[in-house]
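Participant: Fold the following for me, if possible:
(one chain, ligands or ions: 2)
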Amino acid sequence: MPLIPTKIKIAAGNDTMTVEWSDGHTSVYPYVYLRERCPCAMCTDKHTGPPKCGTALPMFGTKRLKPQKAELVGRYAVQLFWNDGHSSGIYAFEYLRELCPCDACAAPARIEPAG
Ligand SMILES: [Zn+2]
Ligand SMILES: [Zn+2]
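Facilitator: Residues are numbered from 1 along each chain as shown. Ligands and ions are numbered 1, 2, ... in the order given. Down below sits the predicted model:
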């Protein structure tokens, strides 16, 4: 069974998007975290290296940058529509799950012993 999101919630108040997965896992992504990892050509071209963590959430006018909606693309990806009009970021489920910032997923699964 491929891993798919069963529920995607864009929260109103706390600047995070919640994804519930078909294996029962729940991922919570801060908006800025997702935007920094936008996989579209426009965003990845701009950056020569990996995105920097801890960047302040960009402002858009007087509003904070956030996704207005998330739509499924076929059976393989989620497309985010940001309130600054950016919508070319298509997050494949696999990629999205890899991005999960929770402790369980961030645990070093393949750490090499030093020295
Ligand atoms: Zn992008
Ligand atoms: Zn996780």
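Participant: Kindly report the residues of this structure close to ligand 1.
Facilitator: The chain has residues Cys38, Cys40, Met42, Cys43, Gly89 near ligand 1, with proximity defined as Cβ under 5 Å from the ion. In this view, the C-beta of every residue, glycine as well, is placed from N, C-alpha and C.
Participant: Any of those buried? List them.
Facilitator: Cys38, Cys43, Gly89 (16 or more other Cβ atoms under 10 Å).
Participant: contacting residues for the second one?
Facilitator: This means Cys43. Neighbouring residues of Cys43 by Cβ atoms under 8 Å, 6 or more residues apart in numbering: Arg35, Gly89.
Participant: pLDDT-wise, what's the bottom of the buried ones among the residues of the chain next to ligand 1?
Facilitator: Within the set of those, pLDDT is lowest for Cys43 (86).
Participant: can you tell me which helix or strand that one belongs to?
Facilitator: helix 41-46 (DSSP states H and E).
Participant: distance between that helix and the chain's centre?
Facilitator: From the chain centre to the centre of helix 41-46 is a distance of 15 Å (Cα atoms, centre = their mean, to the nearest Å).
Participant: do stretch 89-109 as well
Facilitator: 8 Å.
Participant: Does it reach ligand 2?
Facilitator: Yes. Residues of stretch 89-109 contacting ligand 2 under Cβ under 5 Å from the ion: Cys100, Cys102, Cys105.
Participant: Going by neighbour count, which residues in that stretch are buried?
Facilitator: Within stretch 89-109, judged by 16+ other Cβ under 10 Å, the buried ones are Gly89, Ile90, Tyr91, Phe93, Leu96, Arg97, Leu99, Cys100.
Participant: Quick check: the nearest residue to Pro30 once chain neighbours are set aside vs Asp23, distance?
Facilitator: Nearest residue to Pro30, sequence neighbours excluded (Cβ to Cβ, 6 or more residues apart in numbering): Thr16, at 5.3 Å. Per Cβ to Cβ, to the nearest Å, Thr16 is found 20 Å from Asp23.
Participant: Give me the more crowded residue out of those two.
Facilitator: Thr16 (18 against 10; other Cβ atoms under 10 Å).
Participant: hmm, back to that, just the CA trace of the helix holding Cys43, in PDB.
Facilitator: Provided in PDB are the C-alpha atoms of helix 41-46 (Å, rounded to 0.1, in the frame of the first residue of the first chain):
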ATOM      1  CA  ALA A  41      11.400  25.000 -10.400                       C
ATOM      2  CA  MET A  42      11.000  28.700  -9.500                       C
ATOM      3  CA  CYS A  43      11.800  28.100  -5.800                       C
ATOM      4  CA  THR A  44      14.500  25.600  -6.300                       C
ATOM      5  CA  ASP A  45      16.300  27.700  -9.000                       C
ATOM      6  CA  LYS A  46      16.500  30.600  -6.600                       C
END
